[in-house]
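In: let's see this in three dimensions:
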Amino acid sequence: MYKSKEESYALFDDACNQIAESNLIMTQKPLINLMKLIAYNDSIRGCISDCYRSINYEETLKQVLLKDADGRFKFNLPASRRALVAVISKLLYEFVIGEQSMQTLLGSVYYDLDLRDAFRSFCEDVLLPYKEAFKEVFLAKTSEEEEEPFEDTYVALINNAVIAEVAAVAGEIRSELLGDNRISAEQRKQLITLIDGLCEVLESDLPKLVVPSWLGIQYAFGATKKCAARIARLKSVLEDYMLI
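Out: Model prediction:
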């Protein structure tokens with residue numbers, strides 16, 4: 001269903017608020033919900049992608065996380081709203097997929113606070129400015145923007161790690177099917193085609209097609225009761241990376 005920018009921002013605002021109202025231990029689910037919103041809302045995804053193309057993430061992150069002589073970090077948010085949106089969007093994504101540990105990072109930045117207060121400070125120092133910066137960028141009204149909307153792309157939306165993990169499980173499923181003489185050649189071909197299709201969707205960075213692809217796999221393999229353990233592993237991987 002089409003949503004106006006104002007409606008889309010309201011969803012984004014609510015997702016950020018859900019994170020802030022959580023706590024460090026329970027923050028994974030609201031973080032995942034925010035990433036899912038970014039992935040499936042075309043205008044939000046396009047805006048963040050447009051911001052992301054304007055920065056070098058690794059270099060910008062080094063400037064955002066300044067290290068002092070004692071090896072402790074502090075947050076130094078960029079003055080550019082677009083850079084802020086880009087770098088914090090990616091940092092939150094890395095928290096979700098495990099490339100960065102939120103607890104470790106906050107412990108390094110807010111070393112003199114307990115975890116509850118450290119998380120509260122992170123929300124005040126980083127999450128709130130991120131939300132406000134996104135609002136200003138996303139809802140900016142210019143004639144140029146109205147003629148040329150944000151491009152519908154997102155840099156590195158599907159992480160290479162999930163592609164590798166799914167490819168490994170998919171290889172095992174293919175091998176199991178090829179060694180199973182109790183199914184017909186046509187049925188084997190259909191099942192392998194479904195698995196290959198999921199791999200192609202991931203490699204092509206098309207997150208909106210992951211769920212339909214997975215539902216086809218779930219139905220077909222469930223009906224034949226083939227590769228049950230590996231299909232369960234495949235589901236677990238996709239869930240871990242918030243793709244289904």
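
In: and the gap between Val87 and Asn23?
Out: 24 Å (C-beta to C-beta, to the nearest Å). (Glycine included, C-beta is placed from N, CA and C.)

In: settle it for me: which of these two has more neighbours?
Out: Counted by other C-beta atoms under 10 Å, Val87 and Asn23 do not tie: Val87 has more neighbours, with 26 against 12.

In: correct me, but the more buried one touches Leu61?
Out: Yes: in this structure, Val87 is within contact of Leu61 by C-beta atoms under 8 Å, at 5.9 Å.

In: list the buried residues in stretch 127-134.
Out: 127, 130-131, 133-134 (16 or more other C-beta atoms under 10 Å).

In: and if you look at stretch 163-175?
Out: For stretch 163-175, by 16+ other C-beta under 10 Å, it's 165-166, 169-170, 173-174.

In: looking at the residues you listed, which one is closest to Leu77?
Out: Relative to Leu77, the closest of the buried residues of stretch 163-175 is Glu165; by C-beta to C-beta it sits at 32.9 Å.

In: domain ranges for the chain?
Out: Domains of the chain are assigned by automatic domain parsing as 5-147, 160-240.

In: for these, give me TSV that also has mean pLDDT.
Out: Below are the domains of the chain laid out as TSV (pLDDT from 0 to 100):
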stretch	mean pLDDT
domain 5-147	87
domain 160-240	88
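
In: keep only those of the buried residues of stretch 127-134 that are in helices.
Out: Among the buried residues of stretch 127-134, DSSP state H puts 130-131, 133-134 in helices.

In: JSON lines for those residues, including distance to Asp50?
Out: Below are these laid out as JSON lines (distance: C-beta to C-beta, whole Å):
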{"residue": "Tyr130", "distance to Asp50": "16"}
{"residue": "Lys131", "distance to Asp50": "18"}
{"residue": "Ala133", "distance to Asp50": "13"}
{"residue": "Phe134", "distance to Asp50": "12"}
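
In: between these, which is nearest Leu66?
Out: When these are compared for distance to Leu66 (C-beta to C-beta), Tyr130 wins out at 17.4 Å.

In: what distance do you get for the closest one to Val85?
Out: For Tyr130, the distance to Val85 - C-beta to C-beta - is 7 Å.

In: rewinding a little: farthest-apart pair in the ones in helices among the buried residues of stretch 127-134, please.
Out: For those, the farthest-apart pair by C-beta to C-beta is Lys131 and Ala133; their separation is 7.4 Å.

In: and Ala232, that's in a strand?
Out: No: secondary structure assignment (DSSP: H, G, I helix; E, B strand; the rest coil) places Ala232 in helix, not in a strand.

In: ok, it - how many residues close by?
Out: Using other C-beta under 10 Å, Ala232 is surrounded by 10 other residues.

In: again with Glu6
Out: Glu6, neighbours per other C-beta under 10 Å, totals 9.

In: go on, Gly216?
Out: For Gly216, the count of nearby residues is 15 (other C-beta under 10 Å).

In: surely it meets Leu194?
Out: Yes: contact status for Gly216 versus Leu194: in contact at 5.5 Å, counting by C-beta under 8 Å.

In: okay, strands next: where are they in the protein?
Out: 65-67, 73-75 (DSSP state E).

In: among those, which is the most enclosed?
Out: strand 73-75 (a mean of 16; mean count of other C-beta atoms under 10 Å).

In: from the chain's centre, how far out does that one sit?
Out: 23 Å (C-alpha atoms, centre = their mean, to the nearest Å).

In: and if you look at stretch 25-33?
Out: 12 Å.

In: who's in contact with Thr27?
Out: 19, 102, 119 (C-beta atoms under 8 Å, 6 or more residues apart in numbering).

In: what about the closest residue to the first one other than its chain neighbours, how many neighbours?
Out: Counting by C-beta to C-beta, 6 or more residues apart in numbering, Ile19 lies nearest to Pro30, which is 4.4 Å off, once chain neighbours are set aside. Here the number of neighbours of Pro30 (other C-beta under 10 Å) works out to 18.
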